[in-house]
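Engineer: got a predicted structure here, sequence first:
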Amino acid sequence: MTLLTKTATGATILLILGFPCLATAAPQNKIGQELGAPHHLVDDEEFELSIPELLNQGKSLFNATWTNQEGGRRPLSKGTGKQLTDPSAPLVGKRAFNRISGPDANSCTGCHNAPYGIPGGGGDFVSSVFVLGHRLDFATFDQKDKRPTRGTADENGRPMSLQNVGDFRATTGMFGAGYIEMLARQMTAELHAIRDRLKLGETAELWAKGVYFGKLTRRKDASWDTSGVQGLSRFAVISPTPLDRPTLVIRPWQASGSVVSLREFTNNAYNHHHGIQTIERFGRGTDLDGDGFTNEMTRADVTAVSLYQAAMSVPGRVIPRDTEIEKAVFSGEKVFSQIGCARCHIPALPLDKKGWMYTEPNPYNTPTNLRAGETKTVTMDLASPDLPQPRLTPLLPEGNVVMVPAYTDLKLHDITDPNDPAEAEALDLNFFVWSPKFKAGNRRFLTKRLWGAANEPPYFHHGLYTTMRQAVLGHNGEALPERRTFEALPEYEKDSLIEFLKTLQVLPPGTKHLLVDENHQPREWPPTSQLGLNKVP
């Protein structure tokens, strides 16, 4: 069935088989135009459209293949938003795209598309990104070019190579993203409550949802000692002055824990990868990248894209109805806990106080991103059956808790070998480029969300491992004891652990249940009829 209808704002909506899709009125399209995103929302329209309408707009922008007829380039600016080091060599023609320094993609879906071609998923090795390569005008590796950050030289004029021009990162999947961000918000609020109760001269342990983040001290002179804080980014513990409270904000996005929200992630990515500059980040009526276009994405558009990512389905488990595999999976689950993997990859964290009511904007957003109080709030029920399936719901019909089985603690850990410089990232995203520590590299990474990991290869933050076994064996530093325990296991138990990890999958679109068999039919676990085991609640 296809028909046209109107929203409360008069926007035209195309209904196809009952699903609403934002459509552009004919007068807005001119003959011969080639636009990836022919329709944009007007600010404040996000408060009048329904959640399904906003999600369809967000999906259309996520899928949009941007062109130079709508600002899909940045001739005079870097991916950081700053002006080119050498404006006399704009990023046009053969310089318009660069896989290392960007713009490096035509659409978000170009990289985020796995598995099942789902927009917002992960990506193969070919779509991995050179984080911080975008601080160069246009990466050339021309050793004759000595001008800093133009083609090959770093901020100090020293030549760079493919190994240290940026931090090589695998494209991450955004499945279950809304629940992850709400967990981070609630955990941040818990840390703030502890911080704000501290009196002069007191020290307190920092706990959030059972996760330990070290100790915080408020000295007698009212300054703060954050030396005992663990697992948070540098930006969460530094303050403008010694008397300012550390923010203690958990940043759940990017492997190095440097991004607060889906909204910040979105504002960053559109400029970096596509040359699309959002109004809230770059200003209204400005053309800072010199492409001849202003107001390339509205505040309402960014809200729609953020909501789209937040609404993505959550991963589940696929356990084949094969007795041998079932026994191995059951054994692997126990091994996972017994050898200490669950110490950081916590199987599930509680989202309480109806925290599944996702809101935009995030109250902890940093400047240059929309912040709470600057406009109205848009709310979306992550447990709604109208959102992409499957979803997480309260344990009880009228319950107040949703368990989020993401297998993470949302902490930063050093999992590298301290004796092997090659294991560290070349650059530290949590320091400014002029800081010596920026070039010292990064060794701390957010605990990988294992839900969905099995069918979102490649593995590890750098995506250089083709198997999960390689990723397990790649753990060093804080995780070295667990890795050595794994290596000492009998072969069957090692294989069983891998078999358990293989069950953690993103499910095909439309799957209603979180636990399914190889035919994606619902099943219970463990299979008491075959294993003679007590059913696990």
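Structural biologist: The structure has been received and is ready for your questions. Numbers count the residues shown, from 1 in each chain.
Engineer: show me which residues of the lengthiest helix in the chain are buried.
Structural biologist: Identified as the longest helix of the chain according to DSSP state H is helix 177-197. For helix 177-197, burial by neighbour count (16 or more other CB atoms under 10 Å) applies to 177-192, 194-195. For the C-beta atoms, the positions are set from N, CA and C on the backbone; glycine is no exception.
Engineer: can I get the CA coordinates of it in PDB?
Structural biologist: Provided in PDB are the C-alpha atoms of helix 177-197 (Å, rounded to 0.1, in the frame of the first residue of the first chain):
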ATOM      1  CA  ALA A 177      23.800   2.000  21.400                       C
ATOM      2  CA  GLY A 178      20.900   3.600  23.200                       C
ATOM      3  CA  TYR A 179      21.200   1.300  26.100                       C
ATOM      4  CA  ILE A 180      25.000   1.700  26.300                       C
ATOM      5  CA  GLU A 181      24.700   5.500  26.400                       C
ATOM      6  CA  MET A 182      22.000   5.400  29.000                       C
ATOM      7  CA  LEU A 183      24.200   3.100  31.100                       C
ATOM      8  CA  ALA A 184      27.000   5.600  30.800                       C
ATOM      9  CA  ARG A 185      24.700   8.400  31.900                       C
ATOM     10  CA  GLN A 186      23.400   6.600  34.900                       C
ATOM     11  CA  MET A 187      26.900   5.500  36.000                       C
ATOM     12  CA  THR A 188      28.100   9.100  35.600                       C
ATOM     13  CA  ALA A 189      25.300  10.300  37.800                       C
ATOM     14  CA  GLU A 190      26.300   7.700  40.500                       C
ATOM     15  CA  LEU A 191      29.900   8.900  40.400                       C
ATOM     16  CA  HIS A 192      28.700  12.500  40.700                       C
ATOM     17  CA  ALA A 193      26.600  11.700  43.700                       C
ATOM     18  CA  ILE A 194      29.700  10.300  45.500                       C
ATOM     19  CA  ARG A 195      31.800  13.300  44.400                       C
ATOM     20  CA  ASP A 196      29.300  15.800  45.600                       C
ATOM     21  CA  ARG A 197      29.000  14.300  49.000                       C
END
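Engineer: which residues in this structure form helices?
Structural biologist: Listed in chain order (using DSSP H), the helices of the chain are 51-63, 177-197, 234-237, 262-269, 279-282, 299-310, 323-338, 436-440, 468-473, 480-487, 491-501, 528-531.
Engineer: pick the most buried one from these.
Structural biologist: helix 299-310 (a mean of 27; mean count of other CB atoms under 10 Å).
Engineer: next, the angle from that helix to helix 177-197.
Structural biologist: 100 degrees (axes from the mean of the first three to the mean of the last three CA atoms, to 10 degrees).
Engineer: is the residue nearest the centre of the chain in a bridge, and if so with what?
Structural biologist: Geometric centre of the chain, nearest residue: Trp253, 4.0 Å, by CA atoms, centre = their mean. Beta-bridge pairing of Trp253 under DSSP bridges involves Val259.
Engineer: my guess is it meets Asn267, correct?
Structural biologist: No - the criterion here is CB atoms under 8 Å, and Trp253 misses it with Asn267 at 11.8 Å.
Engineer: distance of the closest residue to Phe330 other than its chain neighbours relative to Ile319?
Structural biologist: Take Phe330 and drop its neighbours on the chain: the residue closest to it by CB to CB, 6 or more residues apart in numbering is Pro526, 5.3 Å away. Per CB to CB, to the nearest Å, Pro526 is found 9 Å from Ile319.
Engineer: between these two, which contacts overlap?
Structural biologist: Common neighbours of Pro526 and Ile319 are listed as Glu326 (criterion: CB atoms under 8 Å, 6 or more residues apart in numbering).
Engineer: how about stretch 350-362: buried residues?
Structural biologist: For stretch 350-362, burial by neighbour count (16+ other CB under 10 Å) applies to Pro350, Leu351, Gly355, Trp356, Tyr358, Thr359, Glu360, Pro361, Asn362.
Engineer: these in strands, which ones?
Structural biologist: Here DSSP state E is the test, and these give Pro350, Leu351, Tyr358, Thr359, Glu360 as lying in strands.
Engineer: can you add pLDDT and distance to Gln521 and give those back as CSV?
Structural biologist: Listed next are those as CSV, based on pLDDT from 0 to 100; distance: CB to CB, whole Å:
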residue, pLDDT, distance to Gln521
Pro350, 97, 29
Leu351, 97, 28
Tyr358, 98, 30
Thr359, 98, 36
Glu360, 98, 36
